[in-house]
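**Q** Structure, please.
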Amino acid sequence: MKQGLFTIRENAPLTGRVSLLRLAGDCSGITAPGQFADVQLPGLFLRRPFSVCDWEEGSLTLLYEAVGKGTELLRSLPVGTELDVLTGLGNGFTLDDAGDSPLLIGGGTGVSPLYGLAKAFLARGLRPRVILGFRRREEMVFWERFAALGLPPTVTTEDGSFGIRGFVTEAMDLPHSSVYACGPEAMLRAVAKTSDKPGQLSFDRRMGCGFGACMGCTMATTQGPKRVCKDGPVFRKEDILW
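**A** Here you go, the predicted model:
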């Protein structure tokens, strides 16, 4: 974990509720795709956690959805605002057991950590398949950025307004050696039950502290209770007790 001041370089809406936040600062604390950052917002006591979407030296990209007081405030902050940010939090994805055809599945803003994961696989010479699921066409985000990486995703929409009609599981007949997913827990559960391959799932739970002290994000696993912020947010799908 590393703490530092980051400056907003871009804070732009992508859809009616989802925005892209690009920050300038020290990203050396980030060591793996799937980790998260904890952002202190002006006037609010608790930090807000966000999955790391992408990072490089001096630049951090996050996606966030305006769903409450904190994220609504964040959306209003102008370029140039300085924010206190904890980086390198949590355990991210591991790539060593992916096999030769990993499958990446994102639902809604759960596409965020999968973008950095996709880039990590490409750096290793692997070309993962990608499935992205959304409620409707108007809520689609980042699908064109995966395509720009040379990984055109299969897109599903619940209302059929784009791509395959239905949930991400409708497209999971693609051959794969492993599965990596992030999104709503109902989606993660369906993905885990649909694929018989090994995999890793990234969970999004309400967090009080972000580093394991408050126990507010505890979930049940085969190894006993685990904290999403400290022991996760990424877990082996075989270890989750649904």
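**Q** Spatially central, which residue of this structure would that be?
**A** residue 113 (3.2 Å; C-alpha atoms, centre = their mean).
**Q** is it fair to say that residue lies in a strand?
**A** No. Counting by DSSP: H, G, I helix; E, B strand; the rest coil, residue 113 falls outside a strand, being helix.
**Q** Could you report the neighbour count for the spatially closest residue to it that is not a sequence neighbour?
**A** Leaving aside its chain neighbours, residue 113 sits nearest to residue 51 (4.2 Å; criterion: C-beta to C-beta, 6 or more residues apart in numbering). Bear in mind the C-beta positions are built from the backbone N, C-alpha and C, glycine included. Residue 51 is flanked by 26 other residues according to other C-beta atoms under 10 Å.
**Q** does residue 51 really touch residue 63, like I thought?
**A** Yes. With contact defined as C-beta atoms under 8 Å, residue 51 reaches residue 63; the gap is 7.5 Å.
**Q** quick revisit: quick one, what contacts the residue nearest to residue 113?
**A** Listed by C-beta atoms under 8 Å, 6 or more residues apart in numbering, the contact partners of residue 51 are 34-36, 62-63, 109-110, 112-113, 182, 202, 204, 233.
**Q** Recalculate using a threshold of 7 Å.
**A** By C-beta atoms under 7 Å, 6 or more residues apart in numbering, the contact list for residue 51 reads 36, 112-113.
**Q** which residues do residue 51 and residue 63 both contact?
**A** Residues touching both residue 51 and residue 63 (C-beta under 7 Å, 6+ apart) are residue 112.
**Q** List the buried residues for stretch 45-56?
**A** Within stretch 45-56, the residues scored as buried using 16 or more other C-beta atoms under 10 Å are 47-55.
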